[in-house]
Every structure is written in C-alpha cells, then in structure tokens.
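Visitor: Mind folding the following:
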Amino acid sequence: QFQGGVWSLSTALCDALMTMDVMLCTASIFNLCAISVDRFIAVQIPLNYNRRQIDLRQLILISTTWIFAFAVASPVIFGLNNVPDRDPSLCQLEDDNYIVYSSICSFFIPCPVMLVLYCGMFQGLKRWEEARKAKLRGCIYGANRKLYHPPTLMEREQTRLGLLECSPYARAGLPGECGMNSGIQTVSYPHLRYPHPGHGHKRAKINGRERKAMRVLPVVVGAFLFCWTPFFVVHITRALCKSCSIPPQVTSTVTWLGYVNSALNPIIYTVFNTEFRNFFHKVLHLFC
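Guide: I've put the predicted structure just below:
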C-alpha cells in the first residue's frame, strides 16, 4: 500500500503475511466473543464464576479462540493462495471460496453469537436488579411492620401492668390524686436489627458496578459493528460480485477501520471495567 499497491517481495512472504492478517483479525473477533461468553457466565451463573483467579474455563476459552483462528487462516499458508495466473505484484487473498469461508467463520457466525450473549447478559442484569429491589422492599416492609405493630403479648402486658402514678400528697397520706400514667413510655425491641451504615455503601458500590456493566455493552457492540461490518461487507462483495467495482480507497479504509477496532478494545474495557483496568495495571507494572 505504501508502494502504490505493488508487492515487491516473494509470494511465500505474501502468503505468510496474509495468514497472519487473517489469524490475528479472527483471533481479535473471537476474543471479543470469548469475553462475551465469560461475562454471560458471570451474570447468569455467578456462583460458578471465580473472579479472583484464572480458572480452567477461561484457559479453555483463550486457547479455543487461537486454535479456531489458526484453523481459519491456515489454508492460506498451506498453498490455497497459489492459484493459476497469480499476479506476483499483488498481495491479496486469491481464492474467492476461501474469502467467503473466512468471512463467515470470522464475522458472520461470531457476530450473532456475541449479540445474543450480550442481550442475555443485559436481561440477566435487569432481572437481578429487579429481584434485588423487590427483596429490599420486602425487608423494609417487614421491619416497619415489626416497628409499628409490636407483638400482641407485649401490648397486653403494657395495658395490664399500667403504672398507677400518685401525686406527692397522696403518697404522704394527704388528700391528693391518683391515676393511670398516660405519659409516653419508651419500649425497646432487641429482636429488631437495623443494617449497619457500611452496608448501604456496599450496596451503592454494587449498583454502580451493575450500571457500568450495562453501560459498556452498547459501547463494545457498537464499536465492533461499526469497525468490522464495512470490512466484511466489502470483503465478501468482492468475492461474490465480480462485476461490482469497489475503489481501492474504499477497500483500504474499511481494512484499517477493522484494525482500529483491535486497538479500541483495550481502551474500551479499561475505561468501563474496573477488573480489566486493574489487570492491565498489573501487567504494565510487570514489564515497566
């Protein structure tokens, strides 16, 4: 591209470059899909999700993404790109059937999977929040009922054992008045427990994490669709429609737009997700 679109090196090096290009772009998309699977499990099956350390499930997800990415890209390095009448001055994917195959495996299958998982995670977070609010309202209602409606036995004891209060004169044997004490009495209910002030702060932190998780979903999905959809639409159109004329500038623009998504992903996740931000900080401290 920097030499006017002319490839001046060997075709073997071109095939290696095409293999790396397909594999790394596919791995980037598959990693986004793996993250959506991991987030979905964290929301739908929270008891089986370990936030403290990398477990077997996460290792399997990471390994699977790279194995599948290599499986999609490997036909190029194994000679699929060596078609008859190949122009050595152009470095591109030559087999149209492979272009369709790689586009389906790299985008048109992972994209719906990712959208379905993120929609399921959003619905799970929404149901979780509604259930938590309903439980909180039930606790508040139960506490208020106990506070304003004390046990019947205690009310009867207070009525039966009402204190007879006399004036000082009556106590001394002089004419005076005696009567039931109708003043306000203080009654304690040791069985009622109120939440510690710190619990409210913890609940606020949980709500904030849920809101951040919900807010990052449209950002991730929007950036993914915005960056990769034009590339794969142009990519598969070139393979299926030979009569369609696509300017080289359009092809170059959508290609670099797809590369930009791989650069945006770490920024998006570190800005909107505390776990990813802390992990990247630890990794940077190891190498810096």
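
Visitor: Now stretch 84-103: buried residues?
Guide: Going by neighbour count (16 or more other C-beta atoms under 10 Å), the buried part of stretch 84-103 is 91, 93-95, 98-99, 102-103. In this view, the C-beta of every residue, glycine as well, is placed from N, C-alpha and C.

Visitor: Between the two ends of it, what distance do you get?
Guide: Length of stretch 84-103, first residue to last, C-alpha to C-alpha, to the nearest Å: 23 Å.

Visitor: Give me the mean pLDDT for that stretch.
Guide: Mean pLDDT, computed over stretch 84-103, is 90.

Visitor: Contacts for that stretch, please.
Guide: Residues from elsewhere that reach stretch 84-103 (C-beta atoms under 8 Å, 6 or more residues apart in numbering): 5-9, 11, 14, 17-18, 22, 26, 72-73, 75-76, 80-83, 232, 235-236, 238-240.

Visitor: with the buried residues of stretch 84-103 in mind, which one is nearest to residue 261?
Guide: Distance to residue 261 across the buried residues of stretch 84-103 (C-beta to C-beta) is lowest for residue 103, with 15.6 Å.

Visitor: measure the closest one to residue 129 for me?
Guide: Residue 103 sits 38 Å away from residue 129, taking C-beta to C-beta, to the nearest Å as the criterion.

Visitor: got the contact list for residue 11?
Guide: 81-82, 86, 88.

Visitor: same check, this time on residue 22
Guide: Residues near residue 22 by C-beta under 8 Å, 6+ apart: 72-73, 76, 93, 102, 106.

Visitor: quick one: the strands in this protein?
Guide: For the chain, strands defined by DSSP state E occupy the ranges 164-166, 178-180.

Visitor: Next, the distance between the ends of stretch 80-100.
Guide: Stretch 80-100: ends 14 Å apart by C-alpha to C-alpha.

Visitor: okay if I get the contacts of residue 22 as CSV plus distance to residue 122?
Guide: Converted to CSV, these look like this (distance: C-beta to C-beta, whole Å):
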residue, distance to residue 122
72, 29
73, 32
76, 37
93, 36
102, 30
106, 25
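
Visitor: Out of those, the closest to residue 251 would be?
Guide: Looking across the contacts of residue 22 and measuring by C-beta to C-beta, the closest to residue 251 is residue 93, at 11.8 Å.

Visitor: Check the gap between the closest one and residue 19 for me.
Guide: 10 Å.

Visitor: shared neighbours of the two, anything?
Guide: residue 76.

Visitor: the helices in the stretch 151-288 of the chain, which residues?
Guide: 152-160, 168-171, 197-240, 248-272, 274-287 (DSSP state H, counting those that start in this stretch).

Visitor: What separation is there between the nearest residue to residue 221 once chain neighbours are set aside and residue 36?
Guide: Spatial nearest neighbour of residue 221, chain neighbours left out: residue 118 (5.8 Å); criterion: C-beta to C-beta, 6 or more residues apart in numbering. Per C-beta to C-beta, residue 118 is found 6 Å from residue 36.

Visitor: Between the two, which is the more surrounded one?
Guide: A count of neighbours by other C-beta atoms under 10 Å puts residue 36 above the other of residue 118 and residue 36, at 23 against 20.

Visitor: Touching, that one and residue 119? I think so.
Guide: No. Here residue 36 does not reach residue 119: they are 10.1 Å apart, not a contact under C-beta atoms under 8 Å.

Visitor: so where is this structure shaky, pLDDT-wise?
Guide: The chain contains residues with pLDDT under 70 at 1-4, 46-55, 141-215, 288.

Visitor: per-domain residue ranges of it.
Guide: 11-149+200-287, 150-182 (automatic domain parsing).

Visitor: Go through the ones you listed and pick out the most buried.
Guide: domain 11-149+200-287 (a mean of 15; mean count of other C-beta atoms under 10 Å).

Visitor: and that one, how far apart are its ends?
Guide: With C-alpha to C-alpha as the measure, domain 11-149+200-287 spans 37 Å from end to end.

Visitor: show me the contacts for residue 228.
Guide: Residues near residue 228 by C-beta under 8 Å, 6+ apart: 29, 107, 111, 257-258, 261.
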